[in-house]
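Student: got a sequence here, can you build the structure:
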Amino acid sequence: MDESGGSGQPRSGTDESTERRPDREAPATGPARPDTVPSGEQPKDDPSAAGDNGDTTPGPATPTSSEPREEADPAPGDATDPRTPDRRDAESPFTQASHSDRHPDTHPDRTLAHSGTTKGRPPQRPKDPRGGLLMGRPFGVPVYVAPSWFLVAALITWVFGGQLDRVLPELGAARYLVSLFFAVAFYASVLVHELAHTVAALRFKLPVRRIQLQFFGGVSEIEKEAETPGREFVLAFVGPLLSLVLSGVFYGALQAVEPGTVPGVLLAGLMISNLIVAAFNLLPGLPLDGGRMLRAVVWKITGRPMTGTVAAAWVGRALAVSVLVGLPWLTQSGALGSDAVDNVGMDTVMDALLAAILAAIIWTGAGNSLRMARLREHLPDLRARTLTRRAVPVETNTPLSEALRRANDAGARALVVVDADGNPLSLVREAAIVGVPEHRRPWVAVSGLAQDLTDGMRVSAELAGEELLDALRATPATEYLVVEETGEIYGVLSAADVERAFVKAMARPS
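Tutor: Modelled structure (predicted):
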């Protein structure tokens, strides 16, 4: 079976995930020591208090939240969020800050520092996890053979070898070598089917992450949706069209060879198999190509891509049930060309198993298509500009207590460590601040709780939706520096805020 083009899904590439686990966050500071300072002395920076473990430069942290995951707080950036005091705010070091996390488009704090760069470089997408054995990179797209393919190849070799034994008994054990060649040639034609989707996607400037040959066919992982229903239709139709063309090519070659020979049997098998692949993929239900074509038609009629996805997904689920019930019935009734009395015993079990596997793949693919459409519909709600927290710049040796006082006075909920010229050096992690007891904060420098800025931790305030999630996945961190196109600091984006906004967006009905 072919599932080409149906992925177009943001992997977490997977695939990577946007979910963070708070239980993986290590405290940035050790247990407080009963240090005493005579009254009247000015607070001094205590190098040992910066980390209490001799390490004043924390390594990259896993994206997580310092707050409990079970808290269903409204997403910062939601205009309806009253941000009333609760237990989460009570535990925050910014206890006196405004309860509105929403970053306004203009405020006096933004001019207190600048990024020191004209524009942050966009983070590069991390390398995709391997999808099996890499076979090549046609058109620059990696082609992988999944481990499940070898199981299917062995099954095809065994089944086709049994058929060859009846047609060409003189081959003997060599029939399995011929059968293996047929399995490889068949999946080569499936690869051509997938390359048709890939070429069309690249023609429409849609990035293709990879092609994977796997159990029951292949899949072209197209990372973005087509912009118009017409392009969606073309993108889906080119795959079955190429399979039909291949079937015709094998039919023409079959006329030039003698029937009943090894080349004749191989060409006939490839002709029929490609015809089946084309016909099956034209069935009008997701995740098949015919389902994407149906989606494009409904999208064109209604003007809503989500409506098309819902219609094609439910047709796909109905198709899954039809395959589960209908395929065994067709084989048992003799409608597929064999006598009904012969279809008993092990053949009956194999037919039922094949039908169950196909039905499960179609049903699961239809459900995944619905979920991904819902995700894409709500992704534009995630905007870096509206989720960003206010931030105040503080110099390296500023005591933590003084930095928090400045943040609270400005109504900010983030700290950016800057040099004497106002260029940002690092971000103070909120989780690290929470780990410092209040009586220690006057003697702890903010530099000891900060994470050095990397290129990937500078994100544009204009990022939104899938581009924003891709940027965060490329460089996992707990906080990111948000900058304007001019290089001016806009604020700090917390990964926990993005996660809560994402969950809330997905919870809203379509």
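Student: what pLDDT does D470 get?
Tutor: Turning to D470, the model gives it a pLDDT of 82.
Student: quick check: it vs S273, distance?
Tutor: From D470 over to S273 the distance is 38 Å, taken as Cβ to Cβ, to the nearest Å. Where C-beta positions appear, they are placed from N, C-alpha and C, glycine not excepted.
Student: equivalent analysis for E221, please.
Tutor: With Cβ to Cβ as the criterion, E221 and S273 are 24 Å apart.
Student: and the two? Which one has more around it.
Tutor: Between E221 and S273, counting by other Cβ atoms under 10 Å, E221 is the more crowded of the two (29 against 22).
Student: I'd say that one and L206 touch.
Tutor: No. Taking contacts as Cβ atoms under 8 Å, E221 lies outside contact range of L206: 10.9 Å.
Student: what's near enough to touch P138?
Tutor: Applying Cβ atoms under 8 Å, 6 or more residues apart in numbering, we find P138 in contact with 195, 198.
Student: ok but G422 is inside a strand, no?
Tutor: No. Counting by DSSP: H, G, I helix; E, B strand; the rest coil, G422 is not found in a strand; it is coil.
Student: excluding covalently adjacent residues, which one is nearest to V238?
Tutor: Leaving aside its sequence neighbours, V238 sits nearest to A196 (Cβ to Cβ, 6 or more residues apart in numbering; 4.3 Å).
Student: roughly how far apart are the one you found and G269?
Tutor: Applying Cβ to Cβ to A196 and G269 gives a distance of 21 Å.
Student: so E258, which state does it fall into?
Tutor: E258 - assigned by three-state DSSP - is coil.
Student: try A477
Tutor: In three-state terms, and counting by three-state DSSP, A477 is coil.
Student: looking at it, it is touching V459, isn't it?
Tutor: No. A477 is beyond contact range of V459, at 10.1 Å (criterion: Cβ under 8 Å).
Student: scan the protein for its longest helix.
Tutor: helix 346-378 (DSSP state H).
Student: show me which residues of that one are buried.
Tutor: Within helix 346-378, the residues scored as buried using 16 or more other Cβ atoms under 10 Å are 351, 355, 358-359, 361-363, 365-370, 372-378.
Student: do the same with stretch 444-459
Tutor: For stretch 444-459, burial by neighbour count (16+ other Cβ under 10 Å) applies to 444-451, 453, 456-459.
Student: one more: stretch 412-420?
Tutor: 412-418.
Student: what of stretch 244-260?
Tutor: Neighbour-count burial for stretch 244-260 flags 244, 246-247, 250-251, 253-254 (criterion: 16+ other Cβ under 10 Å).
Student: do the same with stretch 204-223
Tutor: 204, 206, 208-223.
Student: worst-scoring helix or strand of the protein, pLDDT-wise?
Tutor: One helix or strand of the chain scores below all others by mean pLDDT, DSSP states H and E: helix 47-51, with a mean of 37.
Student: what does the pLDDT read for L382?
Tutor: pLDDT, L382: 85.
Student: give me the neighbour count for it.
Tutor: Applying the criterion other Cβ under 10 Å, we find 25 residues in the vicinity of L382.
Student: phi, psi of it?
Tutor: The phi/psi pair for L382 (degrees, to the nearest 10) reads phi -90, psi 110.
Student: run through the residues that contact it.
Tutor: By Cβ under 8 Å, 6+ apart, the neighbours of L382 are 464-465, 468-469, 498, 501-502, 505.
Student: now the one helix or strand A200 maps to: average pLDDT?
Tutor: In the assignment (DSSP states H and E), A200 maps to helix 175-203. Averaging pLDDT along helix 175-203 yields 94.
Student: who does it touch, helix- and strand-wise?
Tutor: When contacts are defined as 3 or more Cβ pairs under 8 Å, 6 or more residues apart in numbering; DSSP states H and E, helix 175-203 packs onto helix 147-167, strand 208-214, strand 217-222, helix 229-254, helix 262-281.
Student: so which of the ones you listed is nearest G291?
Tutor: With Cβ to Cβ as the measure, helix 229-254 is the member of the helices and strands packed on helix 175-203 nearest G291 (8.0 Å).
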